[in-house]
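**Q** Sequence and predicted structure, then a few things I'm wondering about:
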Number of protein chains: 2
Amino acid sequence: MSSAFSSLPGAIHIREVGPRDGLQAEPPIAVARRVRLIDALVAAGTVDIEIAAFVSPTAVPAMAGAGEVVAAVGRPIGVRRWALVPNARGARDALAVGVDAITITVSASETYSQRNTHRSIEQSLAEVAAIASYTAESTNNITLDVVVSCAFGSPYEGDLDPVDVAAIGQACHDAGVGRITYADTTGVATPRRVRDLLEHTGADIGLHLHDTRATALVNAYAAMEAGVTRFDTAVGGLGGSPFAAGAGGNLATEDLVHLCADLGVATGIDLDVLLTVSELVSEMIGRAVPSRIAAAGPRWRSAPP
Amino acid sequence: MSSAFSSLPGAIHIREVGPRDGLQAEPPIAVARRVRLIDALVAAGTVDIEIAAFVSPTAVPAMAGAGEVVAAVGRPIGVRRWALVPNARGARDALAVGVDAITITVSASETYSQRNTHRSIEQSLAEVAAIASYTAESTNNITLDVVVSCAFGSPYEGDLDPVDVAAIGQACHDAGVGRITYADTTGVATPRRVRDLLEHTGADIGLHLHDTRATALVNAYAAMEAGVTRFDTAVGGLGGSPFAAGAGGNLATEDLVHLCADLGVATGIDLDVLLTVSELVSEMIGRAVPSRIAAAGPRWRSAPP
C-alpha cells in the first residue's frame, strides 16, 4: 500500500509512549487516572502502548504501581501492552503480570550511560542479553525492543559515528532482540543524521524523536521518505522536563497523526478521539500540552486569524 | 552548488520579515528600537529584510513611522530593504523614501480578501497591476513581490484548488511582478499541499510559512527537496497573534538556519549572531520568543537532559 506520495509508506505503526515516557517526568499521577488515559488511547485506535515501567518507585515515583496499571488495563483486544524494564529483574516482574512486550534502553553514549544508568554500554548489552535469554525461556511470546538512546548525538560526546550506533543495535539483534528503536534523546537529529544512520541500519527500525529543536516532525517525514514505518510518540508531546529551559518533549502523537492524515499515510488512530485524550492529559498535568495540533486543531478546522 | 543531500539546494535565500510581519501584531515599538533590530539582522548576515509597511498608522499602529525607519536604516551595503504596501499610494510613499523592493499581498481566498482588505481578489489584482505600472515608470530599479495569502487553504473556503492559486500568481507575473511568494497564512500547509502547488507554479517561487500546526519546518524541507530556494522567515518565530489560542507565528529564522546548517544548505546567516538578535527581540516584546532554537540552542551546544 502506498500513500498519495510515491515516496512515502502507505501506513506507519505508532507506539504511544505517553503513559510511560510522557508521565515519568511529571509529578506522580494515581494509577486509576493513568489507566483511564490508557483506556482513552485504546479508544482512539492506538494498538501499541507503553503503559508502565518496572523500575524502582524510589528512583521514579511517577511510575510506581506498574503491576497495578497492567492488571487494571486488562487485555484490550488487538492492543500490545509495552513495559519498560531496566534489568532482568524488571523483566521478570513485567512478565509475571503478563505484559505483551518489553522495552529495554541502551545508550549509544558511554558517558550518558555511565551517568544515567551507572553502567557502561558493554554492561548494558550484557543486561540486554540476559533479558533476551530470560524471556526466550519464558512460555510467553514476548516482543522485545531495545531503544538506543542518544543515537543521533550525545550531550557529552557530541556527534556519534552512525557506524558505532548501528553496531549497538546489531549487537542487541544478535542477542535475540526482535526490534531496535533509535532515540533522539536530546533533540539533535536532523534529516541528514536520520539518513546517515539509516545507511547503516536499514529502514526496518523504530524512531523515538524529541522536539527540542523543532525538528521532530521533519525528522519523521524524512524517515518515512526513507521507508521507516515505526515511530514512538507521546500524546500531547509530553516528556522531557517541563521545567528545564529549552527541554523538548516527545514528538506529539497528534502532530504526527495529523500530518500523516493529510499525506495519505494510515496510522489507524482517530485524530478527533485522540484530541479528547489530549484534553484529558492536559487536565491530568494541570497545564496545556506542547502539541500544536492540540492547541490549534486540525487543518480542516482552521479558524480565521 | 549542491548540499550534502543531492536532493537539496546548495543555498537558499531568506527574506527576514520579523521587523514587519513579526512586529505588526505586537504593541507598538519605537522607531529607534525597530531600527536597532534591523541593524542587528544586517550584522547577522541577512540580505533581504522587510523593514516597514506603508499602511495607515491608525489601522496598524505598530507600523507607524515607516518613512523614519527607512531613513534611519540607511543603505547597508548588499542589503535589499523591503516594504509592504497595500496600494499604489503606499507604493509612492515607499519609493519616495527609497526602498529597494516592495511586497504586495493578494489573497487566494475571496472571503479572506473581502474581510481583511475590503476588496475582491479581482480588485486586488487590479491594484497590483497599478502598482506594477507605477513602479515600472519610476526611475528606480524596484523589485516587486506579490505574496499570495491563504495559498494552502482558507479558514473560510477550506482547501483551495492549486490551479486557481497558481493562476493568481500568474496574473501578477503577467502584470509585471517579478517574484511571487505563496503564504500559508493560517498554517494549514503540509508537504503534500506544497507539492500540489509546486506542480502548477514550478519551483521558482517564495514560500511564507507559519507554524500554527508544527509543520513550518517540514514544509520548508519538502519545498527545498522540490527545488524551492526562497523563504520568508521571522526572527524568533514572531507573527500571528500571541494572544489567540493556537495562533502560530512565522517560521522562525533561527529554526530554518539551524536546520540548513546541518543539512549543508547555505543561508549566509550566522546563527550565533542571529541568536543574539533573538534575545534582543525577546527583550523588545517582553516575553520569550516561540523559536525552539532560541530556547534550546543549536544542536552543537546540546546540554545533558
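**A** Ah, there it is.
**Q** Just confirm A:Gly187 is within a helix.
**A** No - with the criterion set as DSSP: H, G, I helix; E, B strand; the rest coil, the secondary structure at A:Gly187 is coil rather than a helix.
**Q** Next, work out how far apart it and B:Val148 are.
**A** To B:Val148, A:Gly187 is 34 Å away according to Cβ to Cβ, to the nearest Å. Bear in mind the C-beta positions are built from the backbone N, C-alpha and C, glycine included.
**Q** got it, and A:Ala30?
**A** 52 Å.
**Q** same check, this time on A:Met63
**A** Where B:Val148 is concerned, A:Met63 sits at a distance of 51 Å (Cβ to Cβ).
**Q** who's more crowded, the two?
**A** In this view A:Met63 and B:Val148 are compared by other Cβ atoms under 10 Å in any protein chain shown, and B:Val148 has more residues nearby, 28 against 22.
**Q** ranges for the helices of the stretch 51-200 of chain A?
**A** For the stretch 51-200 of chain A, the helices identified by DSSP state H, counting those that start in this stretch occupy A:66-73, A:88-96, A:110-117, A:121-137, A:162-174, A:191-201, in order along the chain.
**Q** Buried ones in stretch A:112-128, by neighbour count?
**A** Applying a neighbour-count criterion of 16 or more other Cβ atoms under 10 Å in any protein chain shown, the buried positions in stretch A:112-128 are A:Tyr112, A:Ser113, A:Asn116, A:Thr117, A:Arg119, A:Ile121, A:Ser124, A:Leu125, A:Glu127, A:Val128.
**Q** confidence score at the closest residue in space to A:Ala136 that isn't next to it in sequence?
**A** What sits nearest to A:Ala136 in space, not counting adjacent residues and going by Cβ to Cβ, 6 or more residues apart in numbering or on different chains, is A:Gly176, at 5.9 Å. Turning to A:Gly176, the model gives it a pLDDT of 95.
**Q** mind listing what A:Gly176 touches?
**A** With Cβ atoms under 8 Å, 6 or more residues apart in numbering or on different chains as the criterion, the residues that contact A:Gly176 are A:Ala129, A:Ala132, A:Ser133, A:Ala136, A:Leu144.
**Q** Can you list phi and psi of it for me?
**A** The phi/psi pair for A:Gly176 (degrees, to the nearest 10) reads phi 110, psi 10.
**Q** And for A:Leu271, the neighbour number?
**A** 20.
**Q** Please report how far it lies from B:His210.
**A** 20 Å.
**Q** residue contacts, A:Leu238?
**A** Contact analysis of A:Leu238 by Cβ under 8 Å, 6+ apart lists A:Gly18, A:Asp21, A:Gly22, A:Leu23, A:Glu26, A:Gly249, A:Asn250, A:Val281, A:Ile285, A:Val289, A:Pro290.
**Q** and the residues you listed as TSV, adding secondary structure and pLDDT?
**A** Formatted as TSV, the contacts of A:Leu238 follow (DSSP: H, G, I helix; E, B strand; the rest coil; pLDDT from 0 to 100):
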residue	secondary structure	pLDDT
A:Gly18	helix	97
A:Asp21	helix	93
A:Gly22	helix	94
A:Leu23	coil	95
A:Glu26	coil	91
A:Gly249	coil	91
A:Asn250	strand	95
A:Val281	helix	97
A:Ile285	helix	94
A:Val289	coil	93
A:Pro290	coil	91
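**Q** Chain A: strands as residue ranges?
**A** Remark: strands assigned in chain A by DSSP state E are A:13-16, A:48-53, A:80-84, A:101-107, A:143-149, A:179-183, A:206-208, A:230-233.
**Q** Pull the number of nearby residues for the closest residue in space to A:Gly67 that isn't next to it in sequence.
**A** On the basis of Cβ to Cβ, 6+ apart, the spatially nearest residue to A:Gly67 that is not a chain neighbour turns out to be A:Val97, at 4.7 Å. Using other Cβ under 10 Å, the number of residues around A:Val97 comes to 16.
**Q** now do A:Asp100
**A** Neighbour count for A:Asp100, taken as other Cβ under 10 Å: 19.
**Q** any idea how far A:Ala216 is from it?
**A** Taking Cβ to Cβ as the criterion, A:Asp100 is separated from A:Ala216 by 26 Å.
**Q** from what I can see A:Val228 touches A:Ile205, true?
**A** Yes - the pair A:Val228 / A:Ile205 is scored as a contact, 6.4 Å apart, by Cβ atoms under 8 Å.
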